[in-house]
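**Q** Prediction below, plus the sequence it came from.
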Amino acid sequence: MDMKRINAGKLRAIGYDARERILRVEFDDGSTIDYSGVGSEVWRRFSTSGAAWSFYRDNIEEEFAGKRGRAAVDSKRAELEALFRQAGEQ
């Protein structure tokens, strides 16, 4: 699933699988929630909203069933974090 990076409230990325009708929301703490049964019109409105955090709270959070998870950290970021950790330990 392709994720669209955003910076709105606690949201950091959003993505949508049209075939499976799953909306993924990634938060600033690295947690994710996958919402099932989300229609393409809700995704379109959410992904183009000028107030994504408000849209999420008002139209998604309480309206759809969600499954919690953790965001996959890309390998470059993980490598950099490990490098800085090692430098700090010296």
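**A** Received, thanks.
**Q** State the number of residues packed around the closest residue to residue 30 other than its chain neighbours.
**A** The shortest distance from residue 30 to any non-neighbouring residue, by C-beta to C-beta, 6 or more residues apart in numbering, is to residue 71 (5.0 Å). For glycine as for every other residue, the C-beta is placed from the backbone atoms N, C-alpha and C. Residue 71: 16 surrounding residues under other C-beta atoms under 10 Å.
**Q** Residue 36 pairs with what?
**A** Beta-bridge pairing for residue 36 (DSSP bridges): residue 22.
**Q** That should have said residue 14, apologies.
**A** residue 4, residue 25.
**Q** just to revisit the earlier point, next up, the contacts around the residue nearest to residue 30.
**A** Each residue near residue 71 by C-beta atoms under 8 Å, 6 or more residues apart in numbering is listed here: 13, 26, 30-32.
**Q** who wins for neighbours among the residues you listed?
**A** residue 26 (23 neighbours).
**Q** list the contacts for that one?
**A** Counted by C-beta under 8 Å, 6+ apart, residue 26 has contacts 3, 11-15, 32, 71.
**Q** Skipping its backbone neighbours, what lies nearest it in space?
**A** residue 13 (4.0 Å).
**Q** Relative to residue 84, how far out is the one you found?
**A** Applying C-beta to C-beta, to the nearest Å, the value for residue 13 to residue 84 is 22 Å.
**Q** circling back to that earlier point, taking the contacts of residue 71, tell me the two that lie furthest apart.
**A** 13 and 31 (11.5 Å; C-beta to C-beta).
**Q** Could you tell me how many residues sit around residue 53?
**A** 14.
**Q** I'd guess it is in a helix, am I close?
**A** Yes. The assignment for residue 53 is a helix, going by DSSP: H, G, I helix; E, B strand; the rest coil.
**Q** my guess is it meets residue 14, correct?
**A** No. The criterion here is C-beta atoms under 8 Å, and residue 53 misses it with residue 14 at 10.8 Å.
**Q** For those two, list the residues in contact with both.
**A** With C-beta under 8 Å, 6+ apart, residue 53 and residue 14 have no common neighbours.
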